[in-house]
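Visitor: Give me a model of this one.
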Amino acid sequence: MLPVAEVAAAAVAVLSPFLSAGATEGAKKLGAEAAKRLAGLYDKVKTRLTSPFGQEALAAVERAPGKADAQAALRLALETELAENPTFHAELAALVEEFSRASLGEASQTSQTTGDRNVSIQQTGTGNQAQVGSAFGKPS
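Guide: Numbers count the residues shown, from 1 in each chain. Sure, this is the predicted structure:
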């Protein structure tokens, strides 16, 4: 599961453009399936942010979705709520990852490597890490 900070940042990054055109206009541009996912993500966030700070942060993003300060406040409110509520963290992480997979589509990667001691790394998605070292136990 993605860390709290990444889930909060991803949720805000996905919701802000959706809200910038208004939910109904955004839905028309994105298509029915994407709009349904975004509406589910938005509803989950709106339902869970019950603190006064959380509600005001969400309202600020609804009023000005492109404003960096509003996005930062919502990210902070989400981080606080996600850290205190593991169930919400798991639910929102699943929604964010589902939306990410759907928006990225299928990835196809090909690598052709010839020679000795070559390294090829290909990744898709978020939160990936790679470590490159020698497969032969010697420093590369």
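Visitor: and N118, which of the three is it?
Guide: Following DSSP: H, G, I helix; E, B strand; the rest coil, N118 is assigned to coil.
Visitor: tell me which helix or strand of this structure sits lowest on mean pLDDT?
Guide: helix 23-30 (a mean of 54; mean pLDDT, DSSP states H and E).
Visitor: now the helices for the chain?
Guide: 4-20, 23-30, 32-48, 52-63, 68-84, 86-104 (DSSP state H).
Visitor: And these, which one averages the lowest pLDDT?
Guide: Out of those, helix 23-30 stands lowest, with a mean of 54 (criterion: mean pLDDT).
Visitor: So what's the gap between stretch 42-51 and the chain middle?
Guide: 16 Å (CA atoms, centre = their mean, to the nearest Å).
Visitor: one step back: and A130, which of the helices of the chain is closest to it?
Guide: helix 4-20 (17.0 Å; CB to CB). (Each C-beta comes from the backbone N, C-alpha and C, glycine too.)
Visitor: helices or strands next to the closest one in the packing?
Guide: Under the contact definition 3 or more CB pairs under 8 Å, 6 or more residues apart in numbering; DSSP states H and E, helix 4-20 sits against helix 23-30, helix 32-48, helix 52-63, helix 68-84, helix 86-104.
Visitor: Nearest to A13, out of those helices?
Guide: Closest to A13 of the helices and strands packed on helix 4-20, according to CB to CB: helix 68-84, at 8.2 Å.
Visitor: Please consider this matter closed, and thank you.
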